[in-house]
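the sequence and its predicted three-dimensional model are supplied below.
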Amino acid sequence: MARARTDERSELDWVAVLCLAPSLLYVFAMFIYPFMYGVYISLQPLKGDAWSIKNYVAFFSDAYQLVTIKTTFLLALPTTVVVVLVSLFLAYGMRRGIWLERTITTILVLPISLGVIFLSEGILGFYGTNGWLNQMLLGAGIIHEPLELTHNFTGVILSLFMQNFPFCFLMLLGYISGIDPSLESSARMLGAGPWTIFRRVMLPLIAPGLIIAFALVFVLSFAVFPSAVMLGQPAGLTRTISIAAYQQAFEQYDMSYASAIAVIMGLCQLAALIVIVAVRRRMTIATTMGVGKR
Amino acid sequence: MTRGRLWKLAIYLFLLGFILNLLGIVSHVVVSSFAKRWFGKPLPPAFTTDWFSYAWTNFELGQVLFITVFIALAVVFIALAIGFPAAYILARRNFNAKPLLLLLYFLPLLIPQMTYGIPLATTLYRFGIGGTVPGVILAVLVPMVPLAVFILLPFFEQISQNLEWSASMLGASRFQIFRRILLPLMVPGLLTAGLLVLVNTISNFELAFLLAGGGSQTLVVALYYNVFAGGVRPVYSIDAMAVIYMCVVLSVLLIALRFVRPTQMVFKLDRS
């Protein structure tokens, strides 16, 4: 054996390189390279070697395109805030386990696995003007005109919530139930009430996970595409930035402009991430984890 | 104590509401797929199974299903084959570039597929593999290889390295250690990773959609195109297709949930 012993600080040998090579090659060829290529062709609007920021200028000077950033932001931010707050409330309440927990979490996995297309088709039916919800509300005499819940902003937000809430909730549940329960009982023994325990003991411990969950949900919502098409008005009210990029690429066949929009979309997400990470930096908290459930 | 009770009650009520809502959404699709005609009534007046045969022939579901299964199995196989050695090294060795490498693998999972899907599609179409089955497989693998790596990693960490040392002391070659020690012990890990990659591939929309051409649509992409074309086909037949899709996903999910905890289906938030 050339190298039987591999201790904690072992170096990279040829076996390690060989083992890592296929996956690294894949990530570089299929992820890094296309990204660079996208940036490159977005700066070359005309065939040839002329570098130009024409596409970016076009995007930022065209109100029809520019407003997609605002639209996407208005869809993603409220959804993210609601999803994270509701998930925090539920996951915190369930941190020591509740009755039927496994069944409930299993049911919550369903919307994640079924995917956004199936959910959107179901929401179109269930929340539609002739759907069960409107029939029930009309039948109970609560409303007299059917509510318009699909093909507008509400429809897209509903779909985003159905998709992102289980995702965020399960993440936070895993995180919060990993916090050492003895901290909480110490605080209680020292006379802290439930609100003080939450505010002074638990929230600072939850904050780092909460911020990452917020970032993940926001970035995912910012790229909303299929539900904005199926449940919104893709030509008007809910024309998000990903729809704009898709239309340039596959309806106008202007790959250069489409790549520019994709780059702008990526930069918006990056900007959001940087803001969120900066917020997280300011809250220097020592976490105490690992003794709890799971 | 009463405050605690109210809190619990509120949690249950919200969860009940969400689950009822979810059941409503799912069963609306199911009921609609069996309806002869349904408009403005709580339940359709007459039921039929005709929409399933209609959907099967008109949407060429046999072929779509075949392509979906082929793509899914290919993705699972390649993701495991590439991810397995990478996860092994990441679990066993320490080197300076390791945090950077982990970040690199994490990026395709963190960045939304729509964001890198468009440049990826542009690149693959330029090389002439866009719109083909291999193109879809290559694109869907981008997030699936890292997913496989991150699922396999903790399974490797659980296997004591002493086993490998003992085996090599007793004269086992590298291949024998892999074949006789690591592979048998990694069966649960490979199963978990394989099933999760399978579920995620079948329900993957964005990348499969951006790369799909005429003959390379997966089930969920075909479903989207038919909803999008709204009005061309009867809504009942589209719902029949959605039900078939749901059955495929649920059958894989039911097997997966025997091995996987629901909280494992999402990102694990770390302390770091």
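Yep, that arrived.

and residue B:47, its phi and psi?
Main-chain torsions, residue B:47, degrees, to the nearest 10: phi -110, psi 150.

quick one, what contacts it?
B:34-36 (C-beta atoms under 8 Å, 6 or more residues apart in numbering or on different chains). (Each C-beta comes from the backbone N, C-alpha and C, glycine too.)

specify the local secondary structure of residue A:142.
Secondary structure for residue A:142, judged by DSSP: H, G, I helix; E, B strand; the rest coil, is coil.

considering the contacts of residue B:47, which possesses the most neighbours?
residue B:35 (22 neighbours; other C-beta atoms under 10 Å in any protein chain shown).

my read: it touches residue B:48, true?
Yes - Residue B:35 lies in contact with residue B:48 (C-beta atoms under 8 Å); the separation is 7.4 Å.

which stretches of the stretch 151-294 of chain A have low pLDDT?
Scanning the stretch 151-294 of chain A with the threshold set as pLDDT under 70 gives A:283-294.

for the stretch 151-272 of chain B, same thing?
B:230, B:269-272.

show me where it has its helices.
Assigned by DSSP state H, counting those that start in this stretch, the stretch 151-272 of chain B shows helices spanning B:161-169, B:174-176, B:183-185, B:187-202, B:206-211, B:219-228, B:235-259.

okay, those in TSV with distance to chain A and mean neighbour count next?
Formatted as TSV, the helices of the stretch 151-272 of chain B follow (distance: least, C-beta to the nearest C-beta, whole Å; neighbours: other C-beta atoms under 10 Å in any protein chain shown):
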stretch	distance to chain A	mean neighbour count
helix B:161-169	4	14
helix B:174-176	7	12
helix B:183-185	14	12
helix B:187-202	5	21
helix B:206-211	6	26
helix B:219-228	5	22
helix B:235-259	5	20
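
format the ones you listed as JSON lines; extra columns: distance to residue A:231.
Listed next are the helices of the stretch 151-272 of chain B as JSON lines, based on distance: least, C-beta to C-beta, whole Å:
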{"stretch": "helix B:161-169", "distance to residue A:231": "51"}
{"stretch": "helix B:174-176", "distance to residue A:231": "53"}
{"stretch": "helix B:183-185", "distance to residue A:231": "46"}
{"stretch": "helix B:187-202", "distance to residue A:231": "22"}
{"stretch": "helix B:206-211", "distance to residue A:231": "16"}
{"stretch": "helix B:219-228", "distance to residue A:231": "10"}
{"stretch": "helix B:235-259", "distance to residue A:231": "15"}
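
nearest to chain A, of the contacts of residue B:47?
residue B:35 (10.6 Å; C-beta to the nearest C-beta).

assign a three-state SS to the closest residue to the closest one other than its chain neighbours, would you?
Nearest residue to residue B:35, sequence neighbours excluded (C-beta to C-beta, 6 or more residues apart in numbering or on different chains): residue B:44, at 3.4 Å. Applying three-state DSSP to residue B:44 yields a three-state assignment of coil.

tell me how far residue B:44 lies from residue A:132.
12 Å (C-beta to C-beta, to the nearest Å).

again, but for residue B:52
22 Å.

what parts of the stretch 151-294 of chain A come near chain B?
Within the stretch 151-294 of chain A, the positions near chain B by C-beta under 8 Å from any C-beta of the partner chain are A:162, A:165, A:167, A:170-175, A:194, A:208-209, A:212-213, A:216, A:219-220, A:222-223, A:225-226, A:229-230, A:242, A:245-246, A:249, A:255, A:258-259, A:261-262, A:265-266, A:269, A:287, A:289, A:294.

just checking, next helix/strand downstream of the lengthiest helix in chain A?
Determined from DSSP state H, the single longest helix within chain A is helix A:63-93. Using DSSP states H and E, the helix or strand that follows helix A:63-93 towards the C-terminus is helix A:101-126.

how far off helix B:235-259 does that next one point, in degrees?
Here the directions of helix A:101-126 and helix B:235-259 differ by 170 degrees (axes from the mean of the first three to the mean of the last three C-alpha atoms, to 10 degrees).

so helix A:101-126 versus helix B:219-228, what angle?
Using the same axes, to 10 degrees, helix A:101-126 lies at 30 degrees relative to helix B:219-228.

using CSV, write out every CA atom in the following helix or strand past helix A:101-126.
Later in the chain than helix A:101-126, the nearest helix or strand by DSSP H and E is helix A:132-139. The C-alpha trace of helix A:132-139 is given here as CSV (Å, rounded to 0.1, in the frame of the first residue of the first chain):
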residue,chain,number,x,y,z
TRP,A,132,-64.5,24.9,-4.3
LEU,A,133,-63.4,27.9,-2.2
ASN,A,134,-65.6,30.4,-4.0
GLN,A,135,-68.5,27.9,-4.0
MET,A,136,-68.1,27.5,-0.3
LEU,A,137,-67.9,31.2,0.5
LEU,A,138,-70.8,32.0,-1.9
GLY,A,139,-72.9,29.1,-0.4
